[in-house]
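>>> can't give you the sequence, but here's the structure:
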């Protein structure tokens, strides 16, 4: 190698020409401006269209520029990269819009009065009223569903991981998987068919049963994963000391994985707290406060949102209440999610040594 | 995870008799063990029993309704259950359910696969965690909130797109639009696509993570670009995983109730155009017809629910079988 090569400032001939790093940003800015320009010129009002035009321009622009400078293969790679980015942005738009709208419209009527009053004497089209009765209903129904669903789910998972062998375990595994996919309305119809046979009127606990059916498979799957993470050495050490298997499970396996199991149960609770369809069929809704889940129709938060929307007759007051209730529900679900994830991180089972 | 063989390991201090050793070898001799095994096996059996009970009771009530149907349950374009000679059929519902789900799949699958690739292969390392979290948040939003958002925010925003589709593709009939409110199958499909995006993304992401590092590195060493690596080693490896992920998403879309019930303005006929309001789905029909239905009407709704149950059972079962064939896909539990 000569020293001339070091001082040579000409571009290397061994590497193909490549675009500078800021190119994608420049093309993105250009196509966004052009997209908005075209949309304004053509008199398009929908923001969705603006975005679509800008995205198409961006992809075409990237391909054109890259094909010219870097060659076709690199151009294809760049187009793939930009398409993947576009897909990601596409997914973020609805989420941002949904959370933005819910918060912006929800805070309008969300206050202490709203949380502590029912719809008892308020017509659906009038302003006023609140969601106290719906919160009570939701808490009772979801609480009862958890009391039924969580232990059965955890025990089933213990059976599958600690005991399960042979045909029964295989069948249970398969049907737990299939059960995860049961539409919530079908679970509701199942309990409804029982209620029709026994000639019962809607009540809160019926909703809890349907919610428990929806909850069990979710709990089983997450608990199973957690139990599988418990190192076998722990079990063997306990069994080697002569501890019976059931005490090993209760005192060694479960405490080791309790963080993950709690997380799984909380995520399942968050999921069933937002279910509307079974509650609509089985609990029916009730504008008055009903503290007894075993008798009489109750309300629940998701059902309240639906009924405010459906019975509003276009009244703004009902929509405001629906948004405020949505905000409450989303806040509840998100807090459950965050706490669950926090517990999972805090109590993650130590795998290996 | 074979623990049963270890239960007979601890040798007692005093020499056990042969009978004692045999009992110890069988494991479940202590009453505590027997009770615990009984409890956990019992819950497993209970789960199976619930599944069986769902099938049995839905079939029973459905049979009651169908036996009194004065129309044809499969082909009648009508849903009148409160009259003396009730007529109801699922043709419109089956059509609407399939159309809306297909639209959702067409939109959601490519986007979800792209997002999964984004998380595993494209995003800067510090970004991929938060992105996965954002997708999980999408999954955590209750369906009724999607429904409210769809009806009050998405529907007004579809006007422009619908007008554009009508202008350029209206001649096809599928995209013709009579300027009604866009509470139609296409809007429902778009909303369903947003809702099933997270599950398809999460399962595909897990599959893409399992691609052997060697395959990718080999392709890179031959000078492949990133896209060529993905096309040659990642996508072929993940194909069956993506298929089963899509079917799981399809199962969700088929059974979604509230989002469809709030967005769609239903009618009991089949629309050629995806843009004009009308049609219906199984779940939406149950939710909106339920409050005015008498006992017989409820049985009829249960009959349509049974059809939905069987369809989702088949779709989900097929998806799980595809996953089970490749046991290493641990992400299948999403």
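That came in fine, so what should we check first? What you are looking at is a predicted structure, and each value in this text was computed from that prediction instead of being measured.
>>> Please pull up the helix or strand immediately following the lowest-mean-pLDDT helix or strand in chain A.
Sorting the helices and strands of chain A by mean pLDDT, DSSP states H and E puts helix A:4-7 at the bottom, at a mean of 52. Once the chain leaves helix A:4-7, the next helix or strand it forms, by DSSP states H and E, is helix A:23-42.
>>> Briefly note if that following helix comes near chain B.
No: judged by Cβ under 8 Å from any Cβ of the partner chain, helix A:23-42 stays clear of chain B, getting no closer than 9.5 Å. C-beta: built from backbone N, CA, C; applies to glycine.
>>> which one's the longest helix in the chain?
I'll assume chain A. Across chain A, the longest stretch assigned as helix under DSSP state H is helix A:72-106.
>>> The chain in question should be chain B.
Max-length helix for chain B by DSSP H is helix B:31-66.
>>> And it, what's buried?
Within helix B:31-66, the residues scored as buried using 16 or more other Cβ atoms under 10 Å in any protein chain shown are B:33, B:36-37, B:39-41, B:43-44, B:46-48, B:50-51, B:54, B:57-59, B:61-62, B:64-66.
>>> packing partners for it?
helix A:132-158, helix A:166-180, helix A:184-197, helix A:204-229, helix A:245-248, helix B:295-325 (3 or more Cβ pairs under 8 Å, 6 or more residues apart in numbering or on different chains; DSSP states H and E).
>>> and of those, who's closest to residue B:263?
Closest approach to residue B:263 among those (Cβ to Cβ): helix A:184-197, 16.0 Å.
>>> show me the contacts for residue 176.
Unless you meant another one, I'm taking chain A. Contact analysis of residue A:176 by Cβ atoms under 8 Å, 6 or more residues apart in numbering or on different chains lists A:156, A:216-217, A:220-221, B:47.
>>> if you could check chain B rather than the one you did, that'd help
B:166, B:170, B:272-273, B:275-276.
>>> TSV for the residues you listed, including secondary structure, pLDDT and distance to residue A:238?
Below are the contacts of residue B:176 laid out as TSV (DSSP: H, G, I helix; E, B strand; the rest coil; pLDDT from 0 to 100; distance: Cβ to Cβ, whole Å):
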residue	secondary structure	pLDDT	distance to residue A:238
B:166	helix	89	70
B:170	helix	86	72
B:272	coil	85	67
B:273	coil	89	67
B:275	coil	90	65
B:276	coil	89	67
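>>> May I see the buried residues of stretch B:88-107?
Neighbour count says stretch B:88-107 has B:88-97, B:99-101, B:103-105, B:107 buried, by 16+ other Cβ under 10 Å.
>>> Can you tell me which of those end up in strands?
Among the buried residues of stretch B:88-107, DSSP state E puts residue B:88 in strands.
>>> Now, the buried residues of stretch B:88-107 that are in helices?
Per DSSP H, the subset of the buried residues of stretch B:88-107 in helices is B:91-97, B:99-101, B:103-105, B:107.
>>> check these against chain A, which are close?
Applying Cβ under 8 Å from any Cβ to those, none is adjacent to chain A.
>>> Which of those residues sits closest to residue A:96?
So of these, ranked by how close each gets to residue A:96 (Cβ to Cβ), first place is residue B:107, at 18.2 Å.
>>> For the closest one, give me its contacts.
B:189-190, B:193 are the contacts of residue B:107 under Cβ under 8 Å, 6+ apart.
>>> Then residue B:243?
B:319, B:322.
>>> swap in residue A:300?
Neighbours of residue A:300 in contact, by Cβ under 8 Å, 6+ apart: A:134, A:137-138, A:141, A:207, A:279, A:283, A:285.
>>> Can you find the residue of the stretch 51-200 of chain A that comes nearest to chain B?
residue A:183 (2.4 Å; Cβ to the nearest Cβ).
>>> Excluding its own residues, what touches stretch B:91-106? List them.
By Cβ under 8 Å, 6+ apart, the list of residues contacting stretch B:91-106 reads B:74-77, B:79, B:185-186, B:188-190, B:192-193, B:195-196, B:246, B:249-250, B:253-254, B:260, B:268-270, B:274, B:279-285, B:304, B:307-308, B:311.
>>> Sort out which of these are buried, if you could.
Counted by 16+ other Cβ under 10 Å, the contacts of stretch B:91-106 give B:76, B:79, B:185-186, B:188-190, B:192-193, B:195-196, B:246, B:249-250, B:253-254, B:260, B:268, B:274, B:279-285, B:304, B:307-308, B:311 as buried.
>>> among the residues you listed, which are in helices?
B:185-186, B:188-190, B:192-193, B:195-196, B:246, B:249-250, B:253-254, B:260, B:282-285, B:304, B:307-308, B:311.
>>> burial count for residue B:263?
Neighbours of residue B:263 under the rule other Cβ atoms under 10 Å in any protein chain shown: 29.
>>> In JSON lines: the contacts of residue B:107, plus pLDDT and distance to chain A.
Formatted as JSON lines, these follow (pLDDT from 0 to 100; distance: Cβ to the nearest Cβ, whole Å):
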{"residue": "B:189", "pLDDT": "95", "distance to chain A": "14"}
{"residue": "B:190", "pLDDT": "95", "distance to chain A": "9"}
{"residue": "B:193", "pLDDT": "96", "distance to chain A": "9"}
